[in-house]
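Trainee: can't give you the sequence, but here's the structure:
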């Protein structure tokens, strides 16, 4: 019997199969849609993730009710974004070792030394700005390596080591600067950080935005980031699981020093000069933002997007208060209270687990 003798029947059979497959696909899609619609919204989880964003918007609206012309002006935020770029980098420098369970109190001092070294090499020695940047970054990595050596080899708590390193670095800053401000840094750096703008925002902010995305991706989507988080959650368990804990902690501290040095480069580019004492003032805001950021986006752990938002939230509050004519001492109250409140909220999210 010739199977090709009845093409109509064969065509009808293929069409019937196609219709059945189409119906099956529609049923599967319907079941998926019904499942999504019936799934309850976890409002608690959503409020934890995006609560800081909502609080940021609330602060803008509340302060804007008193100073609408300034609080609702794009120029105000463009300036704020640019001026807080180095604080965001300093906060990112903190959260890397914090994720691994270590504190780095030397980040602000490293930032100050990087700024001063860059100015001395570029202004006093007349070396090219790119060479000065490279050397400043290298010094930051060296400071991180020194911290890692004393913490890991001698098994001293990171708070003690980095506190001592910070004071030692401050002495170096005063020595090489002769306790004075060094001005006249290359305009190439100043242009690249603060003068050249896109949408009214200095380019320095966009460097930091790219850096934030890179650290977020590293933490969330790479095995290296997951191992770092694993080390911070339980070092002994991580070691027994085959993770090189010493290597991970050392790498986190070195990266922290490198990022701190980058913050110093941005700071110098913003000011066009370097002074021996101002960098220390950014340690508290960075810590406040790091812990406040750990309550948002990925609650219960330090994360780059949360830190980014936290810096802008705190800076918006300070900016709004200054528009209202509040005295400058309120800034310390704001940052100090924000740090205590952020740590308390972070502990509540962690079910009050003791901090290492």
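Mentor: Cool, got the structure. This one's a predicted model, so the numbers in the text were calculated from it and none came from an experiment.

Trainee: so how far is residue 174 from residue 280?
Mentor: In this view, residue 280 and residue 174 are 12 Å apart by Cβ to Cβ, to the nearest Å. C-betas here are computed from N, CA, C, even on glycine.

Trainee: ok, residue 333 - how many residues close by?
Mentor: Counted with other Cβ atoms under 10 Å, the neighbours of residue 333 add up to 12.

Trainee: Helix, strand, or coil at it?
Mentor: Secondary structure, DSSP: H, G, I helix; E, B strand; the rest coil: residue 333 is helix.

Trainee: what pLDDT does it get?
Mentor: Model confidence at residue 333, expressed as pLDDT, equals 76.

Trainee: when you give positions from now on, start the count at 774
Mentor: Sure, I'll start numbering at 774, so the last one becomes residue 1106.

Trainee: now the strands: where do they sit in the stretch 1024-1129 of the chain?
Mentor: Ranges of strands in the stretch 1024-1129 of the chain, per DSSP state E, counting those that start in this stretch, are 1046-1047.

Trainee: pLDDT weak spots in it?
Mentor: Within the stretch 1024-1129 of the chain, the set of residues satisfying pLDDT under 70 comprises 1119-1120, 1122-1129.

Trainee: OK, contacts around the residue nearest to residue 954 when sequence neighbours are not counted?
Mentor: Setting aside the residues directly before and after it, residue 954 is nearest to residue 1048 in space (Cβ to Cβ, 6 or more residues apart in numbering), at 4.1 Å. Taking Cβ atoms under 8 Å, 6 or more residues apart in numbering as the contact definition, residue 1048 lies against 950, 953, 954, 955.

Trainee: Am I right that the second one is in a strand?
Mentor: I take that to be residue 953. No: using three-state DSSP, the assignment for residue 953 is coil, not a strand.

Trainee: so it touches residue 1049, yeah?
Mentor: Yes: at 7.3 Å, residue 953 counts as touching residue 1049 under the criterion of Cβ atoms under 8 Å.

Trainee: Comparing the two, which residue is more hemmed in?
Mentor: Legend: neighbour count by other Cβ under 10 Å for residue 953 and residue 1049, higher for residue 1049 (22 against 10).

Trainee: Torsion angles phi and psi at that one?
Mentor: phi -80, psi 0 (degrees, to the nearest 10).

Trainee: what's the answer for residue 995, then?
Mentor: Residue torsions, per degrees, to the nearest 10, at residue 995 are phi -130, psi 150.
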